[in-house]
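# My questions concern the predicted model and sequence given below.
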Amino acid sequence: MHSQSIHILNDFNLRHTDCRSVILDIFIDKGFALSHSDVEEKVKHNFDRVTLYRTLKTFLDKGILHKVLDDSGVTKYALCKESCSVSDHKHEHVHFKCVNCGHTNCIDDVLIPSVKLPQGYKFLESNLLIQGVCKDCGLLA
């Protein structure tokens, strides 16, 4: 178990369980957005689908993970930065999907520009997905 996953669980006042630790370690090790099935593939011999679903939902509700827009139509999740909490997710950053390896990454230092909506419209959230070739795949070309 990573010391970072222990730190995250402590910071969010969550009990340490094998499932929570293993799932956090997967996100820490991968470093890019993962779908439910991506995580399930890694843990299917150790934890059932319901436990995995509840763990991902708990992490999402607490502000440990956030949902990531992807053109595949599948919900993906990525680790939140330190500034997220139960009541306030801050994800006004760009997501980048590599057309070569298929990984979707948070680009935290590139913010989504604010958009002034017409009167009567209420802003809830914004997402911006950029597709191209990531830095790792670009090095291979």
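That came through fine.

# Just want the most central residue of this protein.
Central residue of the chain (Cα atoms, centre = their mean): A78, 1.1 Å from the mean position.

# now that residue, what's its secondary structure?
Look at A78: counting by DSSP: H, G, I helix; E, B strand; the rest coil, its state is strand.

# Could you give the bridge partners of it?
H66 (DSSP bridges).

# you'd agree it is up against K30?
No. The criterion here is Cβ atoms under 8 Å, and A78 misses it with K30 at 9.4 Å. Just so you know, the C-beta spots here come from the backbone N, C-alpha and C atoms, and that holds for glycine as well.

# Low-confidence stretches in this structure?
1-2, 82-91, 140-141 (pLDDT under 70).

# the strands in it, which residues?
Using DSSP state E, the strands of the chain run over residues 34-35, 65-68, 76-79, 93-98, 104-111, 129-132.

# could I get those as a markdown table with distance to N13?
Formatted as a markdown table, the strands of the chain follow (distance: least, Cβ to Cβ, whole Å):
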| stretch | distance to N13 |
| --- | --- |
| strand 34-35 | 24 |
| strand 65-68 | 16 |
| strand 76-79 | 18 |
| strand 93-98 | 26 |
| strand 104-111 | 24 |
| strand 129-132 | 33 |
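
# how near is the residue nearest to the centre of the chain to L117?
For A78, the distance to L117 equals 26 Å [Cβ to Cβ, to the nearest Å].

# Ok, K135 next?
Separation of K135 from L117 (Cβ to Cβ): 34 Å.

# ok, now L65?
28 Å.

# Ok, D18 next?
D18 is 45 Å from L117, by Cβ to Cβ.

# same check, this time on Q131
25 Å.

# repeat for V43
Distance of V43 to L117, given as Cβ to Cβ: 41 Å.

# between those two, which one's more packed in?
Higher neighbour count among V43 and L117: V43, with 18 against 9, using other Cβ atoms under 10 Å.

# wouldn't the more buried one be in contact with V22 here?
Yes. Contact criterion Cβ under 8 Å: V43 and V22 qualify, at 6.0 Å.
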